[in-house]
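Undergrad: Here is my input; please provide its structure:
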Amino acid sequence: MSPKTLKLALIGSVALNLFAVAAGATLLVTRAQVEDRVEAQHRPARVGSPMRLVDQLDPAVRERVRDTLRASAMAARPDFEEARLKRRQAVEMGRSATFDAVRARALLEESRNAEIRGRARLEADAVALLATLEPDDRRALSEILSRRGRAAGRDRGGREPQPAAAKATPPA
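TA: This next block holds a predicted model:
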């Protein structure tokens, strides 16, 4: 074999090995991501579910609390459904050829207001329920007042949340 042929073979071998290493690394990373997704699908919907908290209560009050929480959730459901509907409409408007920024802002505002109404109803019902419980049961169930929505877990990069007025006004 000539030196030129050996150099080409060496370059081809190195390129093939680099390709194999990259493919192997990609396979490992992708496999880990798939395993995480599968594990997430088999996990309970919410680890901090209010019904998990209800199970910790005294058996004498457990059913009353469960029924009250269920009734509260059913009463707030239309507000949350309206919030999802308005948000979907805003998303569809963003995808359409005839985008109306004013209407999209209005839909998003209506969505936020509906979600706030639903959350306010749930929180008011939770406070009323906690007022009827004994201190030990109230202590066990008080976690339902902690905010667990989608926005609660977002990382703000060390920044403090801004008041609503500061968010609405653009910088000068």
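
Undergrad: Next, the buried residues of the helix or strand that contains residue 24.
TA: In this structure, residue 24 sits in helix 3-42 according to DSSP states H and E. Of the residues in helix 3-42, none has enough neighbours to count as buried (16 or more other CB atoms under 10 Å). For every residue, glycine as well, the C-beta is placed using N, CA and C.

Undergrad: Please pull up the helix or strand immediately following that helix.
TA: From helix 3-42 onward toward the C-terminus, using DSSP H and E, the following helix or strand is helix 50-54.

Undergrad: after that next one, next one along is what?
TA: Tracing the chain past helix 50-54, the next element assigned as helix or strand by DSSP H and E is helix 59-95.

Undergrad: for that next one, what is the average pLDDT?
TA: Along helix 59-95, the predicted local confidence has a mean pLDDT of 91.

Undergrad: Now do the buried residues in that helix.
TA: 61, 65, 68-69, 72, 76, 79-80, 82-83, 86-87, 89-90, 93.

Undergrad: Roughly how far does residue 57 sit from residue 129?
TA: Residue 57 sits 11 Å away from residue 129, taking CB to CB, to the nearest Å as the criterion.

Undergrad: for residue 80, that is, sorry about that
TA: Separation of residue 80 from residue 129 (CB to CB): 19 Å.

Undergrad: Equivalent analysis for residue 17, please.
TA: As judged by CB to CB, residue 17 and residue 129 stand 65 Å apart.

Undergrad: And residue 137, by the same measure?
TA: Between residue 137 and residue 129 the distance, using CB to CB, works out to 10 Å.

Undergrad: who touches both of the two?
TA: Both residue 137 and residue 129 are contacted by residue 65, under the criterion CB atoms under 8 Å, 6 or more residues apart in numbering.

Undergrad: quick one: contacts for residue 42?
TA: Contacts here follow CB under 8 Å, 6+ apart; on that basis residue 42 touches nothing.

Undergrad: check contacts around residue 86.
TA: Residue 86 makes contact with 107, 108, 110, 111, 114 under the criterion CB under 8 Å, 6+ apart.

Undergrad: actually residue 72, not the one I typed
TA: Per CB under 8 Å, 6+ apart, neighbours of residue 72: 121, 122, 125, 126, 129.
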